[in-house]
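With the sequence up front, the predicted model follows.
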Amino acid sequence: MNRNPNMKLSLLLVGLLGTGVAFAGPPAPKAQGIESEGYTWNAQEGEKLEALGYTGDIVNGEEAYEICGACHLPSGAGRPDGTFPQLAGQHTTVLIKQMADIRAGLRDNPTMYPFAISLIDPQELADVATYIESLCIPVEHGKYEGADAALQINRGKQLYEKQCLECHGKNGEGNKEKFYPVIAGQHYKYLLRQMTEIRDGKRRNANPDMVKVIKPYTNEDLVAISAYQSSLTMPGSMCKPKAAKK
Amino acid sequence: MKYLTTAMLASLMCSAAVAVAAPDGAQLYTEKTCNACHGPKGDKPLLPNYPKIAGQSAAYTEQQMKDIKSGARSNGQTAAMKGVMHLVNDEEIKALSLYLEKLK
């Protein structure tokens, strides 16, 4: 007799939990990243490998990009405050890897995760990446705006040329084959945030080679490097912002 | 630099002035990317476990936004929203809440 209310409660709980599960979106998975032993950076497997093998359809890519544009803007420019990165002109390899990593739970981004998983399959990852890569890099973006900008940029240049240039290129063009991103045209605040997170082990899909290089840098060093990076221009790939299409 | 100085002056003047026009809720709604998750009119969320916010009481929405921003509320889907809450200040949160309340 005494057990009846408990049973009712349990049933009610089961019912509630069941409902919750039925309506909830899938939680972001958590894959083993740089924090775990045996982590291999950029392991060539899964949907990333599949997507990399497809030829992207730019028309479908533009359509699929619509959902991305609410935050990253139709131009791909993101926001100068660094909340959302500049994407236009980024290498397809980099875009595919980052989207696949977010989908797989290797790069944590609770805000973007549900958008990333709304892309239906590896082909669509390739499509969106191809569309984004085809957009020109806007000349205008978030830069270091302190009164000491010239000093910071100069100091950042020296640091950049010593250890960053080899992989990220003289003009910040990165390396498509090696999955190194274009950083020219990227927002200062986004660069600073990512470098800090990579140094501090928070960006779990980071390249251990880069972590090793960036580890000794102080916050001030990273400010200077970001200031310089956001001053870089890639000749021929950048454009003035134009009015949105249609 | 000139732009920055102007912006700083403008924000100083805003905080000093007593009667300043409230920010435009409709404009904030897209500018601050609320529409990306909650739908262009606040009634078609991206996921079924994101709330419909059109027509919600302003007092409720305002408090939830403040709590998610401060971290006082951290359950459910708030991790997704916390990432963008630094984009709005208290005044803008109020304007957004009032705008949403009026939506059907």
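Arrived safely. Numbers count the residues shown, from 1 in each chain, chains lettered A, B, ... in the order given.

Could you give the number of residues near A:K176?
Number of residues near A:K176 (other CB atoms under 10 Å in any protein chain shown) recorded here: 15. C-beta: built from backbone N, CA, C; applies to glycine.

List phi and psi for the residue nearest to it when sequence neighbours are not counted.
Distance criterion CB to CB, 6 or more residues apart in numbering or on different chains; nearest residue to A:K176, sequence neighbours excluded, is A:H91 at 4.1 Å. In terms of degrees, to the nearest 10, the main-chain angles of A:H91 are phi -60, psi 140.

Does A:H91 touch A:T130 like I think?
No: the criterion here is CB atoms under 8 Å, and A:H91 misses it with A:T130 at 10.7 Å.

how near is A:N154 to A:S231?
Separation of A:N154 from A:S231 (CB to CB, to the nearest Å) stands at 10 Å.

out of those two, which sits in the more crowded spot?
A:S231 (18 against 13).

what about that one, distance to chain B?
Distance, A:S231 to chain B, using CB to the nearest CB, to the nearest Å: 14 Å.

Show me the domain layout of chain A.
Here the domain parsing of chain A from automatic domain parsing is A:45-136, A:149-238.

Mind putting those into CSV with mean pLDDT?
Formatted as CSV, the domains of chain A follow (pLDDT from 0 to 100):
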stretch, mean pLDDT
domain A:45-136, 97
domain A:149-238, 97
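
Any idea which of these gets closest to B:L98?
Counting by CB to CB, B:L98 lies closest to domain A:45-136 out of the domains of chain A; the figure is 21.9 Å.

now the closest one: how far from the chain's centre is it?
Here domain A:45-136 is found 9 Å from its chain centre; the criterion is CA atoms, centre = their mean, to the nearest Å.

Show the end-to-end separation of stretch A:204-217, please.
For stretch A:204-217, the first-to-last residue distance is 19 Å (CA to CA, to the nearest Å).

Give the buried residues for it.
Under the neighbour-count criterion of 16 or more other CB atoms under 10 Å in any protein chain shown, stretch A:204-217 has A:204-207, A:210-211, A:213-214, A:217 buried.

taking those one by one, which sit in strands?
Nothing among these maps onto strands, per DSSP state E.

Out of those residues, which is nearest to chain B?
Taking CB to the nearest CB as the measure, chain B sits nearest to A:R204 out of the buried residues of stretch A:204-217, at 15.5 Å.

for the closest one, what are its contacts?
For A:R204, the contact set (CB atoms under 8 Å, 6 or more residues apart in numbering or on different chains) comprises A:33-35, A:106-108.

Now for these: which two are most distant?
For those, the farthest-apart pair by CB to CB is A:E35 and A:R107; their separation is 12.6 Å.

The two: who's more crowded?
Legend: neighbour count by other CB under 10 Å for A:E35 and A:R107, higher for A:R107 (22 against 9).

Quick check: nearest residue in space to the residue nearest to the spatial centre of chain A, chain neighbours excluded?
Geometric centre of chain A, nearest residue: A:Q98, 5.4 Å, by CA atoms, centre = their mean. Distances taken as CB to CB, 6+ apart put A:R107 closest to A:Q98, at 6.5 Å, once the chain neighbours are dropped.

And for A:A149?
With CB to CB, 6+ apart as the criterion, A:A149 has its nearest non-adjacent residue at 6.5 Å, and that residue is A:A227.

re earlier: do you know how far the residue nearest to A:Q98 is from chain B?
13 Å.

who are the neighbours in contact with that residue?
Counting by CB under 8 Å, 6+ apart, A:R107 touches A:33, A:98, A:101, A:203-205.

Pick out the most distant pair among the residues you listed.
For the contacts of A:R107, with distances taken as CB to CB, the pair at the greatest spread is A:G33 and A:Q98 (13.2 Å).

Now the common contact residues for those two.
A:107, A:205.

Show me which residues of chain B are close to chain A?
Within chain B, the positions lying close to chain A (CB under 8 Å from any CB of the partner chain) are B:1, B:4, B:30, B:33, B:35-37, B:46-50, B:77, B:79-84, B:86-87.

rerun that using 10 Å as the cut-off
Counting by CB under 10 Å from any CB of the partner chain, the residues of chain B close to chain A are B:1, B:3-4, B:7, B:30-37, B:40, B:45-50, B:76-84, B:86-87.

just how off-centre is whichever strand or helix holds A:L165 within its chain?
Using DSSP states H and E, A:L165 sits within helix A:165-168. Its chain's C-alpha centre and that of helix A:165-168 lie 19 Å apart, by CA atoms, centre = their mean.

just stretch B:88-104 next, same as before
Chain-centre distance of stretch B:88-104: 6 Å, with CA atoms, centre = their mean.

buried stuff in it?
Of the residues in stretch B:88-104, B:88, B:92-97, B:99-101, B:103 count as buried by neighbour count, 16+ other CB under 10 Å.

What distance do you get for A:Q86 to A:P181?
Distance of A:Q86 to A:P181, given as CB to CB: 10 Å.

More neighbours: the two, which one.
More neighbours surround A:Q86 than the other of A:Q86 and A:P181, with 29 against 22 (other CB under 10 Å).

Let me know whether A:G236 touches A:A184 as I believe.
No: counting by CB atoms under 10 Å, A:G236 does not reach A:A184; the two are 11.1 Å apart.

any shared contact partners between those two?
When contacts are counted by CB atoms under 10 Å, 6 or more residues apart in numbering or on different chains, A:G236 and A:A184 have A:N171 as shared neighbours.
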